[in-house]
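[1] Need a 3D model of the following:
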Amino acid sequence: MSKQKDLTRWNRAGLHRFRYIDGNAAIYLELLRAAFAEGFPYPDWKDVASRRDILTDPESLVRQYNEKRGEWAWEIARVLARSSHVLTEYIDAYANEGYLDTASQWDNVRRLVEMLDYHPAPPASASTSLVLEAKKKAAGLVKAGFQVKYSPADGGSPVIFETLENINIDHRLNRLRPVEYDRNQHHLGGDSLLLEGKVKDLKIGEPLVLENEKTGALLGYHIQGIEADDKTTRVRVSPRLSQKMTEGYVRVHVKPEERLDPIGPAAKGAEVKRVLRIREEPDGLLPGMVVWISDGKNACFRRLIHVHGHRLVFDAEIGILRIEYARLGLPVVLNVGKKVERPVASNGDAISMFQTAGDWSRLSGQKVVDQRLDSQGEKHLPFYTVTAARYHPVDPGDSYSGYTLLDISCSESAHPFPLHNPQALLVPPATQGPWTVDTYLEKVNGHLPTTIIAGKPKKTSAGDLAVVVSGRRMAWTRLTSVAVDPEKDTAELSASGSWQDRGGGDFFLCETSIYSHFKEVLRLYGWQENNRVLNGNRIPLASVPDCLEKGRSLLVERIDDPGASFLTRIIGIQQNILFMAQNLPKGFTYGNCVIAANIVQAGHGETRAEKVLGSGDATRSSQSFVFEQNKVSFVPDPSQPSGVRAAIDVRVEGRSWKQTGSLKNSGPADPHYIVRMTEESFLKIMFGDGIHGRRLPTGRNNVRITCRVGTGLQGNLPAGSLTKPVKEHRFVEAIRQPLAATGGNDMEGIESLRENAPATILTLERAVSLTDFSSL
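    Okay, the predicted model is just below:
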């Protein structure tokens, strides 16, 4: 045999196994030859005595071993060398099986790690959470064991998952949303509205009405500009938008189909300031002109300052005027002949007599004016009263023949312009003026009355919106009734409550229109996008179903990011606020948050029928049975050393026994058992010895087992794989798997055992080496 004493060359050579005996059949044959040559120095034994030195060259050794010499002693030596080679390899193999780092057989490795009280981790079954969507108006119990399957695309065997617990599902828990999740919470502002879609036939100048869908409040606006593209329409309005409305609750009423003329109730008299409106076009009226205004009872002369369409602005207030009878015309220029008599004082008034050609007797009792300039050059219209107008018909004997003598009174208190010897006076025209003064809709307490009269409508009816528009002034309401008078071709439009208005001023009839019967209701672009941030562990709900109770599992999802979904549970409900066990991560908003509350845990595997495991024998301690079933499911269990327990139910004489990780802490009467894995992936089920754990009672086939089968990596399915039930359930409409199934694993292999078992024992229960720290 070899005289080498260093048998650890494997370490320096980087080998993974010990070589306890260094040699092979070729080397052993050469060693035998050399020993024979030394022990039997026969010169005639040529195969042995041909040389004294020992061969070391590998090629020469192999060539010598393979030579066929036909000599019996040599062949016997070669057989002996080959047999020694085989035996030493067995010695090597068995020696290596006694050391954890070199053992290659699973059972030998298992025995070695059991010396460290370490047991091979069993296979693990994947698990996930399923969302069970209840049928419409359905509610009821879905018992544990409800099966769902995944069929691989390659045609492989279906992967079965079962629910692990009972759950009461309810259609109201299918999809819970935060309060106002589909209502944009941005407040209106600025002067434009961005509408959904490309809106046609909008008209600049027409009104639109914004309605608060939540409160019913209305606001009217004028359309000032329109810009449209394929997806949106931007409408510029006036005045600026009220910030009291939020985008999600705004309904935009546009395109009024009817435009009615207002009729009443119209104002009959008023104290008019400096502004009048006329119904006719102001043709011939220019700033600087003097006009005559009369209602048949009251009359005055005023100078025009501005003419804006039908709106006339004068140099002074007009005063009390019966508007419904008022007319406006141009005064007549009266050429005054001469002053007949000197002024006579009467009650503080100076009365002068003038003569003028023609018959002007109609001026008796009328007011006349004289256009005067003061010392500053400003124009004035002092008025005078014609107290008498006596016409003298043509008579050759009368010195005033064909003249009218006018007694004109000048009040010293009215103005500082006495009437001396005017060349001409402005007097009222002989007939009513050509322009009719426009009246306006009466107001009650500063607002339009509840009911106004308009022209007969064709489409407007109760419930329609109506908007009264006059320039920038606007009033709006929702009509409660429309009473048509067919004889007068009018209608009474009654407001719901009152007319809301903006702009002040009066609604003059000739400038006012009533828009009604808005035919389209539009929404703002993005009105259903609620981007308000959700944070913390609170989610306010619109309502809380009575079946949503504390402790229930929830799946909180993001519509825009399925990967952000997470599981949690309810820790409290106050009013309509849901409190969860964990805070919401960043990115959740009222609009993208969805809560599913019909959540149940499911595990890989399907339940098999009960089988006989064996017969108990009270005379035997630590009785055990091997349950020859592959791929038994394992479910998470933190009480087990491996973190999982076999999904089995062991019943002894009809009573379920408890699975534990070890029997060391079990008492003599505790119905406990432990589970270990065999090399074939079967379960070895071991019972107590009467000291640590109860012995099995004697009986025939009294130990029975029920299990779920399904384990390993194939159960790690991506999200969305489990959607089909094995059998339909009367309460379940659909199944969703929002999260990936994880946790599935095969039984722990040899390499893992070598690595993990030593890590369970640290030096003095402390981490010392880098390897110890990496094992923590």
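[2] Identify the bridge partners of Ser409.
    Ile351, Thr385 (DSSP bridges).
[3] which residue ranges form the strands in the stretch 651-776 of the chain?
    For the stretch 651-776 of the chain, applying DSSP state E, counting those that start in this stretch gives strands covering 655-656, 658-659, 672-677, 683-687, 703-709, 724-725, 732-736.
[4] so can I have a markdown table of those strands showing distance to Ser633 and mean neighbour count?
    (Each C-beta comes from the backbone N, C-alpha and C, glycine too.) Supplementary listing: those in a markdown table, determined by distance: least, Cβ to Cβ, whole Å; neighbours: other Cβ atoms under 10 Å:
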| stretch | distance to Ser633 | mean neighbour count |
| --- | --- | --- |
| strand 655-656 | 17 | 10 |
| strand 658-659 | 13 | 15 |
| strand 672-677 | 12 | 22 |
| strand 683-687 | 11 | 20 |
| strand 703-709 | 4 | 20 |
| strand 724-725 | 19 | 14 |
| strand 732-736 | 20 | 17 |
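[5] and those as CSV, adding distance to Thr102 and mean pLDDT?
    Putting the strands of the stretch 651-776 of the chain into CSV (distance: least, Cβ to Cβ, whole Å; pLDDT from 0 to 100) gives the following:
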stretch, distance to Thr102, mean pLDDT
strand 655-656, 43, 95
strand 658-659, 34, 96
strand 672-677, 22, 92
strand 683-687, 26, 94
strand 703-709, 35, 94
strand 724-725, 49, 95
strand 732-736, 50, 96
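[6] Quick one: neighbours of Leu363, just the number.
    Applying other Cβ atoms under 10 Å, we find 23 residues neighbouring Leu363.
[7] Next, it: phi, psi?
    Torsion angles at Leu363 (phi, psi; degrees, to the nearest 10) stand at phi -80, psi 0.
[8] pLDDT score assigned to it?
    The model reports Leu363 with a pLDDT of 92.
[9] For it, give me its contacts.
    Residues near Leu363 by Cβ atoms under 8 Å, 6 or more residues apart in numbering: 334, 386, 389, 404, 406, 427-428.
[10] how near is the closest residue to Leu524 other than its chain neighbours to Thr589?
    Spatial nearest neighbour of Leu524, excluding adjacent residues (Cβ to Cβ, 6 or more residues apart in numbering): Glu247 at 4.9 Å. Taking Cβ to Cβ, to the nearest Å as the measure, Glu247 and Thr589 are separated by 15 Å.
[11] Tell me which of the two has more neighbours.
    Glu247 (22 against 19).
[12] any idea how far the residue nearest to Leu524 is from Thr450?
    Between Glu247 and Thr450 the computed distance is 32 Å (Cβ to Cβ).
[13] hang on, the earlier thing: pipe the strands of the stretch 651-776 of the chain into TSV and attach distance to Tyr94 per row.
    What follows is these, written out as TSV (distance: least, Cβ to Cβ, whole Å):
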stretch	distance to Tyr94
strand 655-656	43
strand 658-659	36
strand 672-677	24
strand 683-687	24
strand 703-709	36
strand 724-725	53
strand 732-736	55
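[14] And those strands: which comes nearest Leu219?
    Among these, the nearest to Leu219 by Cβ to Cβ is strand 732-736 (43.4 Å).
[15] Can you list the strands that the closest one pairs with?
    strand 127-134 (antiparallel).
[16] Name the residues of the partner strand that are buried.
    127-134 (16 or more other Cβ atoms under 10 Å).
[17] got it, and stretch 421-438?
    Going by 16+ other Cβ under 10 Å, stretch 421-438 has these buried residues: 422, 425-428, 432-433, 435-438.
[18] Now do the domain split for this protein, please.
    9-96, 175-182+530-597, 192-265+440-523, 270-331, 337-422, 606-709, 748-775 (automatic domain parsing).
[19] would CSV of the ones you listed with distance to Leu164 be doable?
    Output for the domains of the chain, formatted as CSV (distance: least, Cβ to Cβ, whole Å):
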stretch, distance to Leu164
domain 9-96, 43
domain 175-182+530-597, 12
domain 192-265+440-523, 41
domain 270-331, 82
domain 337-422, 101
domain 606-709, 7
domain 748-775, 24
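[20] coming back round to it: so for Ile577, which of the strands of the stretch 651-776 of the chain sits nearest?
    strand 732-736 (26.0 Å).
[21] ok, residues contacting that closest one?
    Taking Cβ under 8 Å, 6+ apart as the rule, strand 732-736 contacts 130-136, 138, 142, 146, 148, 169, 596, 720, 722-725.
[22] Equivalent analysis for stretch 382-389, please.
    With Cβ under 8 Å, 6+ apart, stretch 382-389 has contacts from 300-301, 351, 360-370, 372, 404-411, 414-415, 417, 419, 425.
[23] swap in stretch 339-353?
    354-355, 387, 405-413, 418-421.
[24] make it 10 Å
    338, 354-355, 384-385, 387-388, 390, 400, 403, 405-414, 418-422 (Cβ atoms under 10 Å, 6 or more residues apart in numbering).
[25] Quick check: helices, which of these are part of them?
    Per DSSP state H, helices hold no members of these.
[26] now the top strand by length along the chain: how far from the chain's centre is it?
    The residue-count maximum for a strand in the chain (DSSP state E) belongs to strand 473-485. Centre-to-centre, strand 473-485 and its host chain are 39 Å apart (Cα atoms, centre = their mean, to the nearest Å).
[27] do the same with stretch 370-388
    76 Å.
[28] For that stretch, could you pull out the residues that count as buried?
    Here stretch 370-388 shows 370-371, 380-386, 388 as buried, counting by 16+ other Cβ under 10 Å.
[29] Now go through the residues you listed and say which are in strands.
    380, 383-386, 388.
[30] how about JSON lines for these, with pLDDT and distance to Ile514 added?
    Shown next, in JSON lines, are those (pLDDT from 0 to 100; distance: Cβ to Cβ, whole Å):
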{"residue": "His380", "pLDDT": "90", "distance to Ile514": "43"}
{"residue": "Phe383", "pLDDT": "91", "distance to Ile514": "40"}
{"residue": "Tyr384", "pLDDT": "91", "distance to Ile514": "45"}
{"residue": "Thr385", "pLDDT": "92", "distance to Ile514": "44"}
{"residue": "Val386", "pLDDT": "92", "distance to Ile514": "45"}
{"residue": "Ala388", "pLDDT": "92", "distance to Ile514": "51"}
